[in-house]
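Chemist: pasting the sequence and the predicted coordinates here, then a few questions.
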Amino acid sequence: MITVVGTGTGAPVPEDVLAGAALVVGGRRHLDSVRLPEGAERIVLGPLAPALDAIGEYAGKELPVLVLASGDPGFFGIVRALAERFGPGRLDVRPGVSSVATAFARVGLPWDDAVVVSAHGRDLRTAVNVCRAHPKVAVLTGPGAGPAELGAALGEGRVLVVASALGDPERERVERMTPAEAAARTWGTAVSVVLCLDEARALGAVRTLAAVPARPAGWALDESAFVHRDSMITKFEVRALALARLGPRPGDLVWDVGAGSGSVAVECARLGAAVVAVEKAPDGVERIRANARAHGVDVDVVHGAAPAALEGLDEPDAVFVGGGGRELPAVVGASARRARRTVVVAMAALDRVPAAREALTGAGFTCDGVLLQSSRLAPLPGNVTRLAATNPVFLLWGVRAPSSSEGVVQ
């Protein structure tokens with residue numbers, strides 16, 4: 001049997017489990033905190049593969065193995081690797097309290113509505129984008145992806161709570177600070193977890209489903225759901241297909257370029273993505289912010305004209321281009337050079353389609369498109385209905401060939 005015990009913020013290692021172990025595996029601080037039984041082999045966890053091989057040798061001889069881990073080892077922990085290698089039936093898991101649960105307890109907040117993301121051994125940008133898009137996030141950190149790196153990438157608008165050495169009565173620290181303050185400090189290996197909070201929304205609503213970010217009941221909202229000027233808004237039929245091709249999801253960053261009313265930006269944010277809306281008109285900037293507030297989502301609004309306004313932005317996963325005028329080819333080209341996955345372009349003018357398509361293919365994208373024409377039901381006197389045609393819109397989309405790791409959720 002392989003016994004996995006969560007330590008640190010949980011209960012101490014049971015004496016009977018420890019006394020009978022032939023092999024004890026764990027981090028150095030976990031091993032140093034217990035008295036090993038005489039004759040037991042000790043393996044300090046570093047690279048996982050050699051430790052798993054050793055565990056396999058002992059387990060194959062029916063010798064008891066003890067694995068020490070932090071908090072709840074079934075929560076982004078070693079239980080996954082052990083279950084994949086040896087099967088769940090050979091594990092006796094005794095969880096402690098996870099660092100996430102402990103950190104939220106220390107600041108007096110519930111966490112059933114929190115999004116938890118791991119940056120340990122993973123791409124930090126996913127954690128950053130989740131923090132941008134959600135008001136309550138717990139980030140499991142690691143080397144090169146700690147509070148300093150997270151704070152430097154985030155900018156303002158959030159509060160970070162850095163919890164270090166949780167469960168250690170002498171070393172535990174829970175510190176509240178701005179992202180800039182976190183970025184300016186040097187952090188050691190004692191950081192347990194970082195909470196990223198929008199404190200005005202930190203309590204959140206009562207939840208029915210835990211750990212699942214709230215999803216909208218629908219998308220492609222009617223134009224009446226947004227403040228807009230003179231019907232200058234991406235119509236819901238166009239928005240529906242644009243969203244399908246953009247594929248916004250938690251962990252993504254989406255640009256809405258020439259955002260206008262920000263209807264596409266808001267819809268992408270409602271689906272869990274972090275969003276930057278770029279708009280050159282001052283009144284448009286205010287409309288985007290008003291629409292984001294009305295729908296309870298975060299949209300970072302950049303006041304400026306593309307393509308110049310795109311230069312300082314973080315690389316997006318997907319881009320929607322809904323404006324551009326004569327600058328459209330340059331805007332599409334600049335977007336395509338930066339986009340990791342896809343670029344979607346909406347145009348009312350036929351003359352602009354070839355140049356936009358060339359900009360996408362010239363950046364190495366495969367390109368496809370469609371002309372969207374729809375007719376909506378409209379009432380007539382006498383309780384009858386007619387079909388009212390909307391203006392046709394060309395929708396092009398370019399897709400970058402995926403890498404071997406594209407779309408893998410870690």
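Modeler: Looks like it arrived, so ask away.

Chemist: list the residues that contact Val137.
Modeler: Counting by Cβ atoms under 8 Å, 6 or more residues apart in numbering, Val137 makes contact with Ala114, Val115, Val116, Val117, Ala127, Val130, Cys131, Leu195, Cys196, Leu197. Every residue, glycine included, has its C-beta placed from N, CA and C.

Chemist: would you mind measuring from the closest residue in space to it that isn't next to it in sequence to Leu140?
Modeler: Excluding the flanking residues, the one nearest Val137 by Cβ to Cβ, 6 or more residues apart in numbering is Cys196, at 4.4 Å. Using Cβ to Cβ, to the nearest Å, one gets 12 Å for the distance from Cys196 to Leu140.

Chemist: one more: Gly362?
Modeler: Taking Cβ to Cβ, one finds Gly362 at 40 Å from Leu140.

Chemist: when those two are compared, which one has more neighbours?
Modeler: Leu140 (23 against 15; other Cβ atoms under 10 Å).

Chemist: I figured that one hits Val193, correct?
Modeler: Yes: here Leu140 reaches Val193: they are 5.8 Å apart, a contact under Cβ atoms under 8 Å.

Chemist: now do the shared contacts for those two.
Modeler: Residues touching both Leu140 and Val193 (Cβ under 8 Å, 6+ apart): Ser99, Val100.

Chemist: residues near Glu15, how many?
Modeler: By the measure other Cβ under 10 Å, the count of residues near Glu15 is 11.

Chemist: right, and the helix or strand after the helix or strand that contains Glu267?
Modeler: Using DSSP states H and E, Glu267 maps to helix 263-270. Under the assignment DSSP H and E, the closest C-terminal helix or strand after helix 263-270 is strand 274-279.

Chemist: what angle sits between that following strand and helix 263-270?
Modeler: Angle, strand 274-279 to helix 263-270, by axes from the mean of the first three to the mean of the last three Cα atoms, to 10 degrees: 170 degrees.

Chemist: can you list the strands that strand 274-279 pairs with?
Modeler: With DSSP bridges as the test, strand 274-279 is paired with strand 253-257 (parallel), strand 300-303 (parallel).

Chemist: nearest to Gly56, of the ones you listed?
Modeler: Minimum separation from Gly56 across the strands paired with strand 274-279 (Cβ to Cβ) falls at strand 253-257, 41.1 Å.

Chemist: restricted to strands, list the contacts of Val137.
Modeler: Val115, Val116, Val117, Leu195, Cys196, Leu197 (DSSP state E).

Chemist: which stretches of the stretch 201-350 of the chain have low pLDDT?
Modeler: Residue ranges of the stretch 201-350 of the chain with pLDDT under 70: 211-214, 324.

Chemist: one more time with 90, if that's ok
Modeler: Applying pLDDT under 90 to the stretch 201-350 of the chain flags residues 201-220, 229-233, 323-326, 350.

Chemist: elements contacting the helix holding Glu267?
Modeler: Counting contacts by 3 or more Cβ pairs under 8 Å, 6 or more residues apart in numbering; DSSP states H and E, helix 263-270 is packed against helix 236-246, strand 253-257, strand 274-279, helix 282-294.

Chemist: pick the most buried one from the ones you listed.
Modeler: Counting by mean count of other Cβ atoms under 10 Å, strand 253-257 has the highest mean neighbour count of these, with a mean of 30.
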